[in-house]
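Enquirer: Got a predicted structure here, sequence first:
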Amino acid sequence: MKFILEKKDTKSKARAGKILTDHGEISTPIFMPVGTAGTVKGVHQHELENDIKAQIILGNTYHLYLRPKLDILHQAGGLHKYINWSKPILTDSGGYQVYSLSDRRKIKEEGATFSSHIDGSKHLFTPENVMDIQRIIGADIVMAFDECTPYPCDYQYAKKSMQMTHRWLERCCDRFDSTEPLYGYSQTLFPIVQGSTYKDLRTQSAEKIASFDREGNAIGGLSVGEPDEEMYEMCDLVTGILPSDKPRYLMGVGTPVNILENIALGIDMFDCVMPTRNARNGMLFTSNGIINIKNKKWENDFSPIDTEGTSFVDTFYSKAYLRHLITSKEILGAQIATLHNLAFYLWLVNEARKQILAETFSSWKSIMVKKLAQRL
């Protein structure tokens, strides 16, 4: 993998760049639709590629390991071939899922033991076997195995967890560097900065992660309930330490406003389930603010979902029709809403990129964050 830094904003830390992988080029800043179990829910791969213009999607190690299982993925030739997706894929290591299974997992130095949410069977994830699993899945970018701490988090626990994450990272790197890709293309390992919302821990972790000199770096343990201002403070601190010539990935973030604010702090890559999950419940993100399409006010509004035309579905469907589908619980309603939200998120990061290249990002962002936060 190679990262080319094309432009830096003069009034913020925002940057535009390109990530080059064996499965194609990714223009940054970028939003990555989440395809947890080998599918972005409700969306065909040809829609992702041709309509939404997704350049990279996510898979999840925990879910793919449990179902369809590794032997199937290996027989298929990896996740790309299994799901018929020719562009880049990033896989989360499963650390966040293990964190979210707090009632069915036990963490120790060896790794994390957990019970499957499907059938209750017991499994062990270690830094070593998580690297092996991600070799079999075959993502272009794989994540180190880490522990994601909750919010709020006791300082001593956050420190102990961070130190274990660093020890796990050494084991991840040793295993990754001693093994080879399985399907004829290269893979890249990203370490993850932890440290909860404690400045000294985040500083220590960012310095430690930077010292590994991998091709890219991630920031984890945020967007877990902390106030937005604390998230921004941690990101500002960490991006000041992580090397500027490598992509920075903020995991699991977030709202459109979160994305613009973090682009301004020097983040290049984002993922979040919000555009897809919220779409299925009738929440739409637009260039003028947030719409709850279930509200009666949209019943006879025959205008496009976003009057600015940020999504390709805006040329086909009205708010009134989408409201009818969602309130009637028609599957098509969830599909249209999902397509709209994903296309909007991709429009937003692409527009941010254009503004960075044109040296107008900061003034544009100031206007947009006010609009995006409105409830319409």
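Expert: Structure received.
Enquirer: Distance check, the residue positioned nearest the centre of the chain against Asp103.
Expert: In the chain, the centroid-proximal residue (Cα atoms, centre = their mean) is Asp271; its distance is 1.8 Å. Distance from Asp271 to Asp103, counting by Cβ to Cβ, to the nearest Å: 25 Å. Every C-beta, even on glycine, is put in place using the N, C-alpha and C of the backbone.
Enquirer: Likewise for Asn217?
Expert: From Asn217 over to Asp103 (counting by Cβ to Cβ), the distance is 31 Å.
Enquirer: So which of the two has more stuff around it?
Expert: Asn217 (25 against 6; other Cβ atoms under 10 Å).
Enquirer: so which strand or helix has the closest residue to the more buried one other than its chain neighbours?
Expert: The shortest distance from Asn217 to any non-neighbouring residue, by Cβ to Cβ, 6 or more residues apart in numbering, is to Leu242 (5.0 Å). Per DSSP states H and E: Leu242 is located in neither a helix nor a strand.
Enquirer: where in the stretch 1-150 of the chain is pLDDT low?
Expert: Within the stretch 1-150 of the chain, the segments meeting pLDDT under 70 span 98-99, 101-102.
Enquirer: could you redo the last one with a cut-off of 80?
Expert: 95-105 (pLDDT under 80).
Enquirer: all helices for it, in order.
Expert: 45-50, 61-66, 70-76, 79-83, 95-100, 127-137 (DSSP state H, counting those that start in this stretch).
Enquirer: how close does the residue nearest to the residue nearest to the centre of the chain when sequence neighbours are not counted get to Phe344?
Expert: Nearest residue to Asp271, sequence neighbours excluded (Cβ to Cβ, 6+ apart): Met32, at 4.3 Å. Per Cβ to Cβ, Met32 is found 15 Å from Phe344.
Enquirer: and what of Met164?
Expert: 38 Å.
Enquirer: what element comes up after the lengthiest helix in the chain heading to the C-terminus?
Expert: Looking across the chain with DSSP state H, the single longest helix is helix 331-357. With elements assigned by DSSP H and E, the helix or strand that comes after helix 331-357 is helix 361-372.
Enquirer: That following helix to helix 331-357, inter-axis angle?
Expert: Calculated by axes from the mean of the first three to the mean of the last three Cα atoms, to 10 degrees, helix 361-372 forms an angle of 150 degrees with helix 331-357.
Enquirer: Can you give me the buried ones in helix 361-372?
Expert: Using 16 or more other Cβ atoms under 10 Å as the test for burial, helix 361-372 gives Phe361, Trp364, Lys365, Met368, Val369, Leu372.
Enquirer: Cheers, nothing more for now.
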